[in-house]
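[1] model this:
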Amino acid sequence: MSATEQPAATDTRTLGDRARDHLWLHFAQHGGYADSEIPVIVRGDGPYVYDERGKRYFDGLAGLFAVQVGHGRDQLAEAAARQTKQLAYFPLWSHAHPSAVELAERVAAQAPGDLNRVFFTGGGGEAVESAWKLAKQYFKKTGKPNKHKVISRSLAYHGTSQGALSITGIPGAKQDFEPLVPSAIKVPNTNFYRAPVHADDHEAFGAWAADEIARAIEREGPDTVAAVFLEPLQNTGGCFPPPPGYWQRVREICTAYDVLLVSDEVICAFGRLGHDFGANRYGYQPDIINVAKGLTSGYAPLGAMIADERLMQPFLVDGSSFTHGSTYGGHPVACAVALANLDLIESEDLYGQVRANEANFRATLEKLLDLPIVGDVRGAGYFYGIELVKDKATKETFTADDAERVLRGHVSPALFEAGLYCRADDRAEPVIQLSPPLICTQEHFDEVEQILRSVLTDAWTKL
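    Numbers count the residues shown, from 1 in each chain. Down below sits the predicted model:
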């Protein structure tokens, strides 16, 4: 080194500091990080993740409802490496590649009924967009060009792109991006805890909620409605299960009005509810299923629209095509990871494990009902919501100030500080959502319950 040369300055900032300067986080209030670091997760192992300082957190949300097989699975990393060496990328635009062919065969074999056609996307939102576009083009090709509207449920989340966001039923998620795509109609959801009618009869409530779909179709005109988009068990609002008979009545309605039933299983498929598909758990036959997340356990971005064979028929005529696609839909590496992921799920019988343990998971969470702040525990499989209240007798919910001060200001950071990563949400009533990896057992349920008990006990004193 010459006398005039100076050693390079060492950057002493943490990853969190550097993230604050350049990384634009998703759905984040960046103003809240003005005087604090952005948390940085650097590795995962089983049901746990670790930050840059080495602190461990239980991943109570499976990343984002995705990491079915847990973190750090060598089989998935090795599958990605093998595929990258063989064929790192090639599009599915009028060509095929082996991993997409094999995965399409496997998914179609598991899907219910005649859902034999698999259209790969880059993720769940793209799958929703694909399903709406397919519904529109299918009806145009079959002589019903006015059928273009879609029906979905209040508070339901179906994605953030303009079309998917139009189907989404969360007002706060939509208002900054309006006007959105027109012709997306909303109907009531299946939150029995806050049922506006038949609050003492689960089955009657379910029949009413399903029949609201029929009434919406009649109001709009049956010749204008193309599809109904519903999750098997609704995510936003805190895991609303379907009432008995609900799905069977919805299927009847869609058949009667020639409306496509789209089962949006971006969260629910591949084991979240203890089955390959939520439609199989609840015993109904969709016309289309949308999937993503658990298909690869989040190890690679991939989604799919799985369509009934009859929906493909108009596109088998010479000169006809579904005029839709994306650069990374069906990426070879992502498809290879998905195949390895499904192998792991099958070899470890993770669907069976969820079914065997879900009653214990529910019972462990229901212990929290002795706390005055816990109004309801609901869900299925490894997918539960805990609704928080100010008064259990009246079901009085939080005010906007309560939500800001107690839920976001205390509960959310306190849970993370205590070593539990999950979701504290108030897009409807205030809820805590849990969606752990499918490898979890009773010791993990107990860990979650103990952390929740401590934090929620403290939160009650702040209301």
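
[2] report the buried residues of whichever helix or strand E126 is part of.
    Using DSSP states H and E, the element containing E126 is helix 124-141. Judged by neighbour count using 16 or more other Cβ atoms under 10 Å, the buried positions of helix 124-141 are 124-132, 134-139, 141. C-beta coordinates here come from the backbone N, C-alpha and C atoms, glycine included.

[3] which helices and strands does it pack with?
    On a contact count with 3 or more Cβ pairs under 8 Å, 6 or more residues apart in numbering; DSSP states H and E, helix 124-141 meets strand 117-121, helix 162-167, strand 225-230, strand 260-264, strand 288-291, strand 303-307.

[4] what angle separates the last one from strand 260-264?
    Same thing as strand 303-307. Put simply, strand 303-307 runs at 150 degrees to strand 260-264, going by axes from the mean of the first three to the mean of the last three Cα atoms, to 10 degrees.

[5] who touches strand 303-307?
    Outside strand 303-307, the residues that touch it by Cβ atoms under 8 Å, 6 or more residues apart in numbering are 107-108, 111, 115, 117-127, 130-131, 134, 266, 287-292, 295, 329.

[6] OK, contacts around the nearest residue to D425 once chain neighbours are set aside?
    Among residues not flanking D425 along the chain, V431 sits closest, at 5.5 Å (Cβ to Cβ, 6 or more residues apart in numbering). By Cβ under 8 Å, 6+ apart, the contact set of V431 is G237, G238, C239, G385, I386, E387, L388, A424, D425.

[7] make a ChimeraX selection of the buried ones in those.
    Buried subset of the contacts of V431, written as a ChimeraX selection, criterion 16+ other Cβ under 10 Å:
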select :237,238,239,385,386,387,388,424,425
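
[8] which of the contacts of V431 fall in helices?
    Using DSSP state H to define helices, no part of these is located there.

[9] quick one: the strands in the stretch 51-200 of the chain, in order.
    With DSSP state E, counting those that start in this stretch, the ranges of strands along the stretch 51-200 of the chain come out as 56-59, 117-121, 149-153, 184-187.

[10] just the buried residues of stretch 313-326, please?
    For stretch 313-326, burial by neighbour count (16+ other Cβ under 10 Å) applies to F315, F322, G325, S326.

[11] closest one of these to P182?
    Nearest to P182 out of the buried residues of stretch 313-326 is F322 (Cβ to Cβ; 22.4 Å).

[12] tell me if that closest one really is in a strand.
    No. According to DSSP: H, G, I helix; E, B strand; the rest coil, the state of F322 is coil, so it is not within a strand.

[13] show me where the stretch 301-450 of the chain has helices.
    Taking DSSP state H, counting those that start in this stretch as the criterion, the stretch 301-450 of the chain contains helices spanning 309-312, 332-347, 350-366, 400-402, 412-417, 442-460.

[14] now do the buried residues in the third one.
    In other words, helix 350-366. Neighbour-count burial for helix 350-366 flags L350, Y351, Q353, V354, R355, N357, E358, F361, R362, T364, L365, E366 (criterion: 16+ other Cβ under 10 Å).

[15] how much space separates G245 from D376?
    Using Cβ to Cβ, to the nearest Å, one gets 21 Å for the distance from G245 to D376.

[16] looking at these two, which has the bigger crowd around it?
    The residue with more neighbours, out of G245 and D376, is D376; 21 against 14, by other Cβ atoms under 10 Å.

[17] so what's the more buried one up against?
    Applying Cβ under 8 Å, 6+ apart to D376 gives the contacts Y193, G238, G385, I386, E387.

[18] not counting sequence-adjacent ones, nearest residue to the first one?
    This means Y193. Distances taken as Cβ to Cβ, 6+ apart put D376 closest to Y193, at 4.5 Å, once the chain neighbours are dropped.

[19] any idea what the one you found is bridged to?
    D376 has the following beta-bridge partners by DSSP bridges: E387.

[20] test for you: state the pLDDT assigned to it.
    Confidence at D376, expressed as pLDDT, is 98.

[21] over to Q6?
    Q6 carries a pLDDT value of 63.

[22] with the one 5 residues further on instead?
    Reading off the per-residue confidence, D11 sits at a pLDDT of 75.

[23] returning to that earlier point: so which of the helices and strands packed on helix 124-141 gets nearest A216?
    Minimum separation from A216 across those (Cβ to Cβ) falls at strand 225-230, 7.9 Å.

[24] and the contacts of the next helix or strand after that closest one?
    For strand 225-230, the following helix or strand on the C-terminal side (DSSP H and E) is helix 246-256. Residues from elsewhere that reach helix 246-256 (Cβ under 8 Å, 6+ apart): 190, 206-207, 209-211, 213-214, 217, 228, 230, 232, 259-261, 279, 282-285, 287.

[25] ok, now stretch 352-370?
    Residues outside stretch 352-370 that contact it (Cβ under 8 Å, 6+ apart) are 271-275, 374, 377, 379-382, 384, 386, 434, 438-442, 445-446, 448-449, 452-453, 456.

[26] out of those residues, which end up buried?
    271-275, 374, 377, 379-382, 384, 386, 434, 438-440, 445, 448-449, 452, 456.

[27] domain assignment for the chain?
    The chain breaks down by the TED database into domains covering 39-72+350-462, 74-348.

[28] any chance of TSV for those, columns distance to H30?
    Formatted as TSV, these follow (distance: least, Cβ to Cβ, whole Å):
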stretch	distance to H30
domain 39-72+350-462	13
domain 74-348	15
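
[29] the ones you listed: which one's closest to A28?
    Nearest to A28 among the domains of the chain is domain 39-72+350-462; the distance by Cβ to Cβ comes to 10.7 Å.

[30] starting at the chain centroid, how far to the closest one?
    16 Å (Cα atoms, centre = their mean, to the nearest Å).

[31] average pLDDT for the helix holding E126, rounded please.
    Mean predicted confidence for helix 124-141 is 98.

[32] got the angle for that helix vs strand 260-264?
    Between helix 124-141 and strand 260-264, the angle formed by their directions is 170 degrees, by the same axes, to 10 degrees.

[33] alpha carbons only: can I get helix 124-141 in PDB?
    Taking Å, rounded to 0.1, in the frame of the first residue of the first chain, the C-alpha atoms of helix 124-141 are listed here in PDB:
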ATOM      1  CA  GLY A 124     -51.200 -17.400  -6.300                       C
ATOM      2  CA  GLY A 125     -52.300 -13.900  -7.500                       C
ATOM      3  CA  GLU A 126     -51.400 -14.900 -11.100                       C
ATOM      4  CA  ALA A 127     -53.500 -18.100 -10.700                       C
ATOM      5  CA  VAL A 128     -56.500 -16.000  -9.700                       C
ATOM      6  CA  GLU A 129     -56.000 -13.700 -12.600                       C
ATOM      7  CA  SER A 130     -55.700 -16.700 -14.900                       C
ATOM      8  CA  ALA A 131     -58.900 -18.200 -13.600                       C
ATOM      9  CA  TRP A 132     -60.900 -15.000 -14.200                       C
ATOM     10  CA  LYS A 133     -59.400 -14.600 -17.700                       C
ATOM     11  CA  LEU A 134     -60.200 -18.200 -18.500                       C
ATOM     12  CA  ALA A 135     -63.800 -17.900 -17.400                       C
ATOM     13  CA  LYS A 136     -64.300 -14.800 -19.600                       C
ATOM     14  CA  GLN A 137     -62.700 -16.400 -22.700                       C
ATOM     15  CA  TYR A 138     -64.400 -19.700 -22.200                       C
ATOM     16  CA  PHE A 139     -67.800 -18.200 -22.200                       C
ATOM     17  CA  LYS A 140     -67.000 -16.000 -25.200                       C
ATOM     18  CA  LYS A 141     -66.000 -19.200 -27.100                       C
END
